[in-house]
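In: Give me a model of this one.
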Amino acid sequence: MEIPLCVDDSCRLLAINLFGYVINPFTKHSYFDWESFKKDTYIAERIMDDIVDLELEKINKIIDKINSDPEDEIIKLYEKNIWERIKEKAILGRRTGLGITAEGDMLAGLGFTYGTDEATNFSIQVHKQLKLSAYRSSVDMAKERGAFPIYDYKKELNNPFIKRIQNEDPQLYEDMLKYGRRNIALLTIAPTGTVSLMTQTTSGIENCFLPVYMRRRKVNSQEKNVRIDFTDDEGTAWTEYPVFHHKFKMWLEVNDYDIDTISSMNKEQLDEIIKKSPYFKATSKDVNWIKKVEMQGKIQLEVDHSISVTINVPEETTEDIVANIYETGWKFGCKGITIYREGSRTGVLVGNKNENKDQKLFEENNAPKRPKRLRAEIYKFQNNLEKWVAIVGLLNDRPYEIFTGEISNGLVNFPLTSSKEYYVVKNIIEDSNGEKKKRYDIEYIDNEGNKQTYIGINRAFNPEYWNYAKLISSMLRHYLPLVKVYELISSLSFKEDHINTWRNGVARVIKRYIKDGEKSKGSCPNCGGEDFEFKEGCLMCSSCGYSRCN
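Out: Residues are numbered from 1 along each chain as shown. Down below sits the predicted model:
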């Protein structure tokens, strides 16, 4: 977590592209443009403060909309109180999250090798300048616009971060005591995954994952002059070609390598080229994890919030080593560390080393038994003019079952915003003929703290939706990957528009639970690539950054 927030506060992020300040990158005459960086950082913090005002403007519009809604005041009270609290916290602290991206490419462009002492020392100077320029901007804004309302210099007299500013820039510290500052905290380093796709750089303070990797493209084996590098078990022909990290490709061009010639090389030949570049021994698998943790800890001294960093370790890494990494991070003063052990999560950073292992064609699994009470999450969504609701029962924080329907179908009086926690309770009842049937009830706590029960949600839904939901629930509880459930729902086609509306809403709900990095099938309309993955709830092409949410 790059910004550890207090209750009801907001995460506001802005990243500066460090590679943009490298003049003559990948040459003997490269240098860092300190003056432009200092000036742009000062401006960027003012933009961040303006973003706080824009957020407050939008919050006021949301509150006005809630006030004008026709629902009863008791129904609107919970939602209104949330936004009032968020608004108050934004006003009191005016928190910002100014950070950077492209640290790895910046170091490579200047001729440094990521993970070495020389590279880390240079990065420290960059982040120290970022800190001083941003804090100078915030203090100047306090003089012009006023300090954040709860500023009290006495509470920061022994703050080690503020004391470092005092030692490095005494005048800035004196002005801060006199005028205060505009923002309670200013700096963070986020993962910037989507941002790095747009800037075509490494993300955050991370190094380059791989300067070049091989991809496969399906080809027609009947065509003439088609190179076939691989044929799968189904007889499909593929050709392999290298994909270059954008700034590594720039290094190739600066050093007069012919891209077409490089693209036709095999892996061994490419490795020899990489050895001549600043990316050699600087990738995620190369950098010693202790050096990376040490770098994060030293930069953390210049960042008032936190830093998002991932330590990549091989699949055979033991628990003792993982524990050692976390302990080392604590010793170096890191506020948080993420460890990715290769193979620990399906569909993320998957290599091809296991391609030749025997695979089972089919594997059965038994669904875990449903407890009587399941924690649930409730979503409202709207398609055209229809208001819908989805109730998702969770087992171990994973969707186990789903109920969906139009709110008007018996759920119009259900207080969907009155409780933070819902439970779906399964009961066995007897009808008038003595026949046993299942009934699902919802339990929740109302605004007065009383336990309430909405009896028989199955009677509130159209039987057609109920039957489709039962089918989807079966896939969920038998642990079909959520990406596959999403793809299946999205591919359904119905003659009636209202069923298609139901399908779209359910797909959106399921997509909420798909974790970043999960792969999905499809062809990119922008570049033709077939490497789609989920990022921040959207399907994105890993090759060009195209998003299906746009």
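In: shaky segments in the stretch 151-300 of the chain?
Out: 233 (pLDDT under 70).
In: That one: helices as residue ranges?
Out: 160-168, 170-179, 193-199, 246-254, 259-263, 267-274, 289-300 (DSSP state H, counting those that start in this stretch).
In: Of those, which is nearest residue 387?
Out: Ranking the helices of the stretch 151-300 of the chain by proximity to residue 387 (Cβ to Cβ) places helix 193-199 first, at 30.8 Å. Quick note: C-beta positions are derived from backbone N, CA and C, even for glycine.
In: helices or strands next to that closest one in the packing?
Out: In terms of contacts (3 or more Cβ pairs under 8 Å, 6 or more residues apart in numbering; DSSP states H and E), helix 193-199 is packed against strand 97-101.
In: In TSV, list the helices of the stretch 151-300 of the chain along with mean neighbour count and distance to residue 104.
Out: What follows is the helices of the stretch 151-300 of the chain, written out as TSV (neighbours: other Cβ atoms under 10 Å; distance: least, Cβ to Cβ, whole Å):
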stretch	mean neighbour count	distance to residue 104
helix 160-168	14	25
helix 170-179	15	30
helix 193-199	18	10
helix 246-254	19	9
helix 259-263	12	21
helix 267-274	13	15
helix 289-300	21	11
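In: between the longest helix anywhere in the chain and strand 97-101, how many degrees?
Out: Ordering each helix of the chain by length in residues (DSSP state H) puts helix 34-68 first. Inter-element angle recorded for helix 34-68 and strand 97-101: 130 degrees (by axes from the mean of the first three to the mean of the last three Cα atoms, to 10 degrees).
In: C-terminal to helix 34-68, which secondary structure element comes first?
Out: helix 73-93 (DSSP states H and E).
In: So for residue 7, what pLDDT did the model give?
Out: The model reports residue 7 with a pLDDT of 91.
In: what's the helix or strand for it?
Out: With DSSP H and E as the test, residue 7 turns up in no helix or strand.
In: Could you number the chain from 45 rather than 1 from now on?
Out: Understood, numbering begins at 45; the last thing we discussed is residue 51.
In: That one: how many residues sit nearby?
Out: Residues near residue 51, counting by other Cβ atoms under 10 Å, number 7.
In: ok, it to residue 518 distance?
Out: Per Cβ to Cβ, to the nearest Å, residue 51 is found 39 Å from residue 518.
In: cool, and residue 198?
Out: 61 Å.
In: One more: residue 221?
Out: 65 Å.
In: Comparing residue 198 and residue 518, which shows the higher neighbour count?
Out: residue 518 (12 against 7).
In: quick one: pLDDT of the more buried one?
Out: For residue 518, the predicted pLDDT is 88.
In: that older thread, the longest helix of the chain packs against which elements?
Out: When contacts are defined as 3+ Cβ pairs under 8 Å, 6+ apart, helix 78-112 packs onto strand 57-61, helix 117-137, strand 141-145, helix 161-189.
In: among the ones you listed, which is the most enclosed?
Out: Among the helices and strands packed on helix 78-112, strand 141-145 has the highest mean neighbour count (mean count of other Cβ atoms under 10 Å), at a mean of 27.
In: hmm, who's touching it?
Out: 46-47, 55-62, 85, 88-89, 92, 170-171, 174, 178, 230-234, 236, 239-240, 243, 245-249, 349 (Cβ atoms under 8 Å, 6 or more residues apart in numbering).
In: quick one: average pLDDT of that strand?
Out: 96.
In: outside of whichever helix or strand comes after it, which residues touch it?
Out: Per DSSP H and E, the first helix or strand lying C-terminal to strand 141-145 is helix 147-153. Residues outside helix 147-153 that contact it (Cβ under 8 Å, 6+ apart): 62-63, 65-66, 69-70, 74, 76, 157-158, 163, 166-167, 170, 245-246, 248-252, 291, 295, 321-323, 326.
In: Would you mind splitting the chain into its domains for me?
Out: Domains of the chain are assigned by automatic domain parsing as 57-223, 253-318, 337-385, 417-519.
In: Take those and lay them out in TSV including distance to residue 529.
Out: Converted to TSV, the domains of the chain look like this (distance: least, Cβ to Cβ, whole Å):
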stretch	distance to residue 529
domain 57-223	30
domain 253-318	24
domain 337-385	25
domain 417-519	5
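In: Determine which of those domains approaches residue 563 most closely.
Out: Of all the domains of the chain, domain 253-318 comes closest under Cβ to Cβ, at 13.5 Å.
In: Now do the closest one: distance to the chain's middle.
Out: For domain 253-318, the distance from its own C-alpha centre to the chain's C-alpha centre is 29 Å (Cα atoms, centre = their mean, to the nearest Å).
In: show me where the stretch 395-544 of the chain has strands.
Out: 417-427, 430-439, 442-450, 466-474, 480-489, 495-498 (DSSP state E, counting those that start in this stretch).
In: Would you reformat these as JSON lines and include distance to residue 530 and mean pLDDT?
Out: Shown next, in JSON lines, are the strands of the stretch 395-544 of the chain (distance: least, Cβ to Cβ, whole Å; pLDDT from 0 to 100):
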{"stretch": "strand 417-427", "distance to residue 530": "15", "mean pLDDT": "82"}
{"stretch": "strand 430-439", "distance to residue 530": "13", "mean pLDDT": "84"}
{"stretch": "strand 442-450", "distance to residue 530": "11", "mean pLDDT": "86"}
{"stretch": "strand 466-474", "distance to residue 530": "22", "mean pLDDT": "83"}
{"stretch": "strand 480-489", "distance to residue 530": "24", "mean pLDDT": "84"}
{"stretch": "strand 495-498", "distance to residue 530": "28", "mean pLDDT": "82"}
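In: Now distance to residue 526 and mean neighbour count too, for the ones you listed, in TSV please.
Out: TSV is the format used below for the strands of the stretch 395-544 of the chain (distance: least, Cβ to Cβ, whole Å; neighbours: other Cβ atoms under 10 Å):
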stretch	distance to residue 526	mean neighbour count
strand 417-427	14	16
strand 430-439	11	20
strand 442-450	7	21
strand 466-474	19	15
strand 480-489	22	15
strand 495-498	27	13
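In: To residue 486, which of the helices of the stretch 195-344 of the chain lies closest?
Out: Here helix 237-243 is closest among the helices of the stretch 195-344 of the chain (Cβ to Cβ), at 36.2 Å.
In: returning to what we had before: would you mind telling me which of the strands of the stretch 395-544 of the chain is nearest residue 114?
Out: Closest to residue 114 of these, according to Cβ to Cβ: strand 430-439, at 12.5 Å.
In: report the angle between the axes of the closest one and strand 442-450?
Out: 160 degrees.
In: Could you list every helix and strand that strand 430-439 packs against?
Out: Using 3+ Cβ pairs under 8 Å, 6+ apart as the contact test, the elements touching strand 430-439 are strand 417-427, strand 442-450, strand 466-474, helix 541-555.
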